[in-house]
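>>> please work out how this folds:
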Amino acid sequence: MPTDKITTNNKQNGNYGEDSIEVLEGLEPVRVRPGMYIGSTDIRGLHHTVKEIIDNSVDEAIAGYANLIIVTIQKDNSVIVSDNGRGIPVGIKKAYGVSALELVMTKLHAGGKFGGSGYKVSGGLHGVGASVVNALSEECLVEVRQNGKLYHQEYKKGVKQYDLKTDEIKNSKIDSKYISSIDSGTTTYYKPDHTVFETLEFDYKTIRHQIRIFAYLTSGLKFTFIDERNDTKESFYFEGGLRSLISSQNRNRDVVHPTIFYAHKEAENIDVEIAFQYTDAYVANEMSFANNIRTQEGGTHLTGLRSALTKSLNDYGKKHNLLKNEERFSGEDTREGLNVGVSV
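Residues are numbered from 1 along each chain as shown. Prediction:
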């Protein structure tokens, strides 16, 4: 009985043995395959680096330790992100013999977002973000202000240039106008590596939109956005959270009801915030977030909201005799003209 054989004429020359196996140490994997960590090396990946550093500062705000974040894009497209939180820990991690700051900046999967002791809620790449940005930067400097002292460390392409240093706060290498607080917090400066990214030109509107959404999702947190390339400075602060977001989006729309329905509570250790308002539009505008990250494909939180809304409107209609016989609203009916935001 004949057997089929898989043949190819495109075999590569060379032997495949133990010498073919490579081990990439430290942050080498990031520089070899950056797209695996930030999605791409085009402008989307470039913008992602900013988001990752901002995420860390927002985590401090969500935990209740920060209320101001300053984001600066300098004329050479270098970035500075500063918060007035607790500051990345600088003590020596005994198991590794280096400071916690150095671990966060130079080791993948190092951070305070895993066990729950550091952060109950957090966004970003969970222990990967800061080190990835560092690895993909031509140069990077992190300054931490704690207990009246300044701690700092510099890196080039992810490699530290010296051990963590302690100095007087007045000796900061970063101008005070870019710093959220001289007393406490973390300030990160980095310049994206031109050998990694296809472009180094940040899009002002994209970064501005990212920051604005962060401000909506974290009520009580103030952002200052400075873009020295076009000499602009803006502040974003929304006490109303998602309610402010819906109000802003419906400003030039005809709304069906003046009051925005809003709820914010914790259930089973999950913080849930919902805001919605109907307009005369024919389609729905649904925005869902998890840990301050936009969930473009929805998720169980959005599915749950849809089901609850449809059920509630049907129950109300039946109770008040607004629906005849077996009439019921479908999901499409209840979402027509709906502008909603849900965050967990």
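
>>> could you pull out the strands for the stretch 201-344 of the chain?
Secondary structure of the stretch 201-344 of the chain (DSSP state E, counting those that start in this stretch): strands at 222-227, 232-236, 261-267, 270-278, 285-290, 293-294, 338-343.

>>> please work out which of these is packed deepest.
The highest mean neighbour count among the strands of the stretch 201-344 of the chain, using mean count of other Cβ atoms under 10 Å, belongs to strand 338-343: a mean of 23. Glycine gets a C-beta too; all of them are placed from N, C-alpha and C.

>>> identify the residues contacting E327.
G317 (Cβ atoms under 8 Å, 6 or more residues apart in numbering).

>>> look up how far G317 lies from it.
8 Å (Cβ to Cβ, to the nearest Å).

>>> you'd agree A61 is in a strand?
No. With DSSP: H, G, I helix; E, B strand; the rest coil as the criterion, A61 is assigned helix and is not in a strand.

>>> that one contacts I69, correct?
Yes. Assessed by Cβ atoms under 8 Å, A61 is found in contact with I69 at 7.2 Å.

>>> where does the most centrally placed residue in the chain fall, helix, sheet strand or coil?
The chain has D55 as the residue nearest its centroid, 4.0 Å off, counting by Cα atoms, centre = their mean. D55 carries the three-state label helix when classified by three-state DSSP.

>>> doesn't A130 make contact with it?
No. With contact defined as Cβ under 8 Å, D55 and A130 do not form a contacting pair (9.1 Å).

>>> name the residues contacting each of these two.
Common neighbours of D55 and A130 (Cβ under 8 Å, 6+ apart) do not exist.

>>> quick one: pLDDT of the residue nearest to F289 when sequence neighbours are not counted?
Excluding the flanking residues, the one nearest F289 by Cβ to Cβ, 6 or more residues apart in numbering is S343, at 4.2 Å. Listed pLDDT for S343 reads 93.

>>> now S343: how far from K170?
Distance from S343 to K170, by Cβ to Cβ: 40 Å.

>>> please apply the same query to L309.
Distance from L309 to K170, by Cβ to Cβ: 56 Å.

>>> same deal with E297?
49 Å.

>>> T259 too?
Taking Cβ to Cβ, one finds T259 at 51 Å from K170.

>>> before we move on, what about R86?
Taking Cβ to Cβ, one finds R86 at 21 Å from K170.

>>> these two: who's more crowded?
R86 (17 against 8; other Cβ atoms under 10 Å).

>>> wait, the more buried one touches S184, no?
Yes. The criterion here is Cβ under 8 Å, and R86 meets it with S184 at 6.5 Å.

>>> which neighbours do the two share?
Q146.

>>> find the nearest non-adjacent residue to G91, please.
Closest to G91 by Cβ to Cβ, 6+ apart is A100, at 5.8 Å.

>>> ok, now which ones touch that neighbour?
88-93.

>>> what is the nearest of the residues you listed to T218?
I88 (19.3 Å; Cβ to Cβ).

>>> what secondary structure does that closest one sit in?
coil.

>>> how far away is it from H152?
Where H152 is concerned, I88 sits at a distance of 11 Å (Cβ to Cβ).

>>> for P29, same thing?
With Cβ to Cβ as the criterion, P29 and H152 are 26 Å apart.

>>> more crowded one of the two?
H152 (21 against 16).

>>> which residue is the nearest non-sequential neighbour of that one?
Nearest to H152 is E143, by Cβ to Cβ, 6+ apart, at 4.6 Å.

>>> who does whichever strand or helix holds the one you found pair up with?
Assigned by DSSP states H and E, E143 belongs to strand 137-146. In the sheet, strand 137-146 lines up against strand 149-156 (antiparallel), strand 185-192 (antiparallel) (DSSP bridges).
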